[in-house]
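this one's structure only:
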């Protein structure tokens, strides 16, 4: 993760693998130029929510196919989606984005949430999704908090407790699927 303004580079390395349908993982973090002790990091399971892509996502009447990639829409996802098959499968992604910096929207009850993340699968594969990102929450008085997280669906998502993230911070995420049961985030 790269912090905005005077903040320095933060690198998160999370190695995850599945064993008997469970994930095991280790992490190394560098924040503000200093290595963070592994004992300071806690992976806190996030209670599951009902989510998923709209069954109508994909090409609809009036949409265009750009090259081999269709433009698709979802009721709960936004942004780009790269579709590939066979020997052209996506196994690595790298992205920069900012942690959402929120203001209360009128007529919408608090708390309000926004998230930014990247992932592999999920759009086409309904049984697996490896993703990492940040979620910002704004409460009724306008106060905000942000937290980094990762998920290998269908397993639980985890907040990375002990990793400081502020709204507006620049983040970088690198995800590599090494095979169907292991990855580096």
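Happy to help now that I have it. Everything numeric here is computed off the predicted structure, so don't read it as measured data. Numbering: from 1, shown residues only.

need the strands for the chain, in chain order.
11-19, 22-31, 34-36, 42-46, 65-66, 69-70, 92-98, 112-121, 129-138, 144-153, 157-161, 170-179, 182-184 (DSSP state E).

For the closest residue to residue 127 other than its chain neighbours, give its distance to residue 179.
Excluding its sequence neighbours, the residue lying closest to residue 127 (Cβ to Cβ, 6 or more residues apart in numbering) is residue 154, at 6.8 Å. Any C-beta I mention is one placed from the backbone N, CA and C, and that applies to glycine too. Applying Cβ to Cβ, to the nearest Å, the value for residue 154 to residue 179 is 18 Å.

ditto for residue 130
Applying Cβ to Cβ to residue 130 and residue 179 gives a distance of 12 Å.

Then residue 173?
In terms of Cβ to Cβ, residue 173 sits 20 Å off from residue 179.

quick one, which of these two is more surrounded?
residue 173 (22 against 8; other Cβ atoms under 10 Å).

check contacts around that one.
Contact analysis of residue 173 by Cβ atoms under 8 Å, 6 or more residues apart in numbering lists 1, 12, 93-95, 97, 117-118, 132-133, 185.

returning to that earlier point: could you export the strands of the chain as TSV, including mean pLDDT?
TSV is the format used below for those (pLDDT from 0 to 100):
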stretch	mean pLDDT
strand 11-19	37
strand 22-31	57
strand 34-36	75
strand 42-46	80
strand 65-66	48
strand 69-70	46
strand 92-98	89
strand 112-121	88
strand 129-138	90
strand 144-153	90
strand 157-161	87
strand 170-179	84
strand 182-184	79
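
export the ones you listed to TSV and tack on distance to residue 85?
Formatted as TSV, the strands of the chain follow (distance: least, Cβ to Cβ, whole Å):
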stretch	distance to residue 85
strand 11-19	23
strand 22-31	27
strand 34-36	39
strand 42-46	31
strand 65-66	14
strand 69-70	11
strand 92-98	17
strand 112-121	13
strand 129-138	17
strand 144-153	21
strand 157-161	27
strand 170-179	15
strand 182-184	20
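
Would you check that residue 156 makes contact with residue 44?
No - at 9.6 Å, residue 156 does not count as touching residue 44 under the criterion of Cβ atoms under 8 Å.
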